[in-house]
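Asker: Model the following, please.
(one chain, ligands or ions: 1)
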Amino acid sequence: MPVDFSGTWNLVSNDNFEGYMVALGIDFATRKIAKMLKPQKVIKQDGDMLSIHTTSTFRDYMLQFKIGEEFEEDNKGLDNRKCKSLVTWDNDKLVCVQIGEKKNRGWTHWLEGDDLHLELRCENQVCKQVFKRA
Ligand code: 1AG
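Answerer: Take a look at the predicted model:
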């Protein structure tokens, strides 16, 4: 039985989001707003199909994909750069590689206790987010 990430999750900590946004080239004004946000994730996992809806008072981001199948990602409302993305299992972790203009771009989701963890990577920057069930 694979891990089930389904649920509604609220951000409780956000380490080095600033560095991650700088690496993505997000402008100063947008970064000031973005780092005040407490986004919520609504995750639906159905077999190999996942949808991850990240919502906030400023912008929303919706991602739907099949594990193991490469897809086009537009990062709309984030940095707007297109990537070829692929999500796979690494044991109980979901690992996404985002191939595009930015080197070393991707993220990893995993569960730890009853918390959802997310590491966001871009170039030499790592942002670490933790979410709790709503
Ligand atoms: C993601 O999570 C990222 C989802 O793919 C959004 C999280 C961080 C924002 C990313 C880059 C910053 C760019 C612009 C800042 C402007 C607005 C911030 C809005 C934040 C809420 C949408 C991985 C996975 C699947 O959960 O998406």
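Asker: Now name the helix or strand holding Lys132.
Answerer: Secondary structure from DSSP states H and E places Lys132 in strand 125-133.
Asker: Give the pairing partners of that strand; include direction for each.
Answerer: Partners of strand 125-133 in the sheet, by DSSP bridges, are strand 7-15 (antiparallel), strand 115-122 (antiparallel).
Asker: residue boundaries of the strands in this structure?
Answerer: Assigned by DSSP state E, the strands in the chain fall at 7-15, 40-46, 49-55, 61-66, 71-73, 83-90, 93-99, 106-112, 115-122, 125-133.
Asker: Next to the ligand in this structure, residues from this protein, please.
Answerer: Applying C-beta under 6 Å from any ligand atom, we find that the chain lies next to the ligand at 21, 24, 26, 30, 34, 37, 39, 41, 52, 54, 56, 58-61, 63, 78-79, 107, 118. Every C-beta, even on glycine, is put in place using the N, C-alpha and C of the backbone.
Asker: Buried subset of those, written for PyMOL?
Answerer: The buried subset of the residues of the chain next to the ligand, as determined by 16 or more other C-beta atoms under 10 Å, is captured in PyMOL by this line:
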select buried, resi 21+24+26+34+37+39+41+52+54+61+63+78+79+107+118
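Asker: so what's the nearest residue to His53 once chain neighbours are set aside up against?
Answerer: With C-beta to C-beta, 6 or more residues apart in numbering as the criterion, His53 has its nearest non-adjacent residue at 4.5 Å, and that residue is Val42. Residues in contact with Val42 (C-beta atoms under 8 Å, 6 or more residues apart in numbering) are 7-9, 51-53, 55.
Asker: circling back to that earlier point, got CSV for the strands of the chain, with mean pLDDT too?
Answerer: Output for the strands of the chain, formatted as CSV (pLDDT from 0 to 100):
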stretch, mean pLDDT
strand 7-15, 98
strand 40-46, 98
strand 49-55, 98
strand 61-66, 98
strand 71-73, 98
strand 83-90, 98
strand 93-99, 98
strand 106-112, 98
strand 115-122, 98
strand 125-133, 98
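Asker: Run through who's touching the strand holding Lys132.
Answerer: For strand 125-133, using C-beta under 8 Å, 6+ apart, the contacting residues are 7-17, 19-20, 22-23, 41, 114-121.
Asker: For Asp74, find the nearest of the strands paired with strand 125-133.
Answerer: For the strands paired with strand 125-133, distance to Asp74 was read as C-beta to C-beta. The smallest value, 16.2 Å, belongs to strand 115-122.
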